[in-house]
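> okay, here's the prediction I keep looking at, along with the sequence it came from:
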Amino acid sequence: MIVYLIDIDGTLLLSGGAGFVALERAFVDLHGVGGAMRTVRPAGKTDPLIIDEGFRASLGRHPRPEEVDAVLERYLVHLPTAVRESKRFRVLAGARAGLDGLRAGGHLLAVATGNIREAARMKLERAELAEYFVCGGYGDDSADRAELVGVAARRAADHLHRRLRPDEVVVVGDTPRDVRAARDNGFACIAVASGTVDRAALEASGPDRIVEGLDEI
Ligand SMILES: [Mg+2]
């Protein structure tokens, strides 16, 4: 049995910009600025980190911690509509078959995502993938991806009522940040080349394997 810690955006699904739409609405509500996310590159980043970039791009400064919390709160007000109305929302090819195969193989599936927990839930529910996962690590556990991956592994161990060796855990993600977070915890990493980041950069980050879809695992 292996514990798979699986990223959401770019690995299981594409939200079609729903997260950006909801964040931009939150910035308009709270700070009166439009297009706050225009220059932000979200791939592999946690929600708090993305908000920090939005602050720097639109207001020219870092946010205070309570300002990040306020944006996240407004973000969750707008996200249900943004997810529901997103026309380009889609589950990636091979994702569902891959999860079915891993579950049938007796493996444990957990989420390791930069999304805050509620945002992850909304995206996974629209994708009808939520039921596969027993627990997770999220952007509200830490702004640092390596830390939230560690939290996901600890929750998986709690779920199993035993300790996990590092060689029992595999991170699955679509960016060099997922690979780095896996390495920082001593875990293996399978990279999914879903096209969200440059293929050469993904290869250069040194994952154990690169697959085109989750069903290749
Ligand atoms: Mg991702």
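Done, it's in.

> quick check: phi and psi on the residue of the chain found nearest the ion?
Proximity of the chain to the ion (C-beta to the ion) peaks at Gly10, 3.7 Å away. (Glycine included, C-beta is placed from N, CA and C.) Here the main-chain torsion angles of Gly10 (degrees, to the nearest 10) amount to phi 80, psi -10.

> for Cys189, same thing?
Taking degrees, to the nearest 10 as the convention, Cys189 sits at phi -140, psi 130.

> quick one, what contacts it?
Cys189 sits next to Val170, Val171, Val172, Gly173, Asp178, Val179, Ala182, Arg183, Pro207, Asp208 when contact means C-beta atoms under 8 Å, 6 or more residues apart in numbering.

> take those and write them to CSV, including secondary structure and neighbour count.
Putting the contacts of Cys189 into CSV (DSSP: H, G, I helix; E, B strand; the rest coil; neighbours: other C-beta atoms under 10 Å) gives the following:
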residue, secondary structure, neighbour count
Val170, strand, 20
Val171, strand, 28
Val172, strand, 26
Gly173, strand, 33
Asp178, helix, 32
Val179, helix, 25
Ala182, helix, 29
Arg183, helix, 18
Pro207, coil, 23
Asp208, coil, 14
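
> now tabulate these in a markdown table and tack on distance to the ion and pLDDT.
Output for these, formatted as a markdown table (distance: C-beta to the ion, whole Å; pLDDT from 0 to 100):
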| residue | distance to the ion | pLDDT |
| --- | --- | --- |
| Val170 | 15 | 98 |
| Val171 | 11 | 98 |
| Val172 | 10 | 98 |
| Gly173 | 6 | 98 |
| Asp178 | 6 | 98 |
| Val179 | 11 | 98 |
| Ala182 | 13 | 98 |
| Arg183 | 16 | 98 |
| Pro207 | 13 | 98 |
| Asp208 | 17 | 98 |
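
> hang on, Arg74 is in a helix, isn't it?
Yes: the assignment for Arg74 (DSSP: H, G, I helix; E, B strand; the rest coil) places it in a helix.

> what is the burial count for it?
18 (other C-beta atoms under 10 Å).

> if we ignore the residues flanking it in sequence, what's nearest it?
Leaving aside its chain neighbours, Arg74 sits nearest to Ala26 (3.6 Å; criterion: C-beta to C-beta, 6 or more residues apart in numbering).

> identify each buried residue in whichever strand or helix holds that neighbour, please.
Ala26 is part of helix 18-31 when elements are defined by DSSP states H and E. Neighbour-count burial for helix 18-31, counted by 16 or more other C-beta atoms under 10 Å, picks out Ala18, Gly19, Phe20, Val21, Ala22, Leu23, Glu24, Arg25, Ala26, Phe27, Val28, His31.
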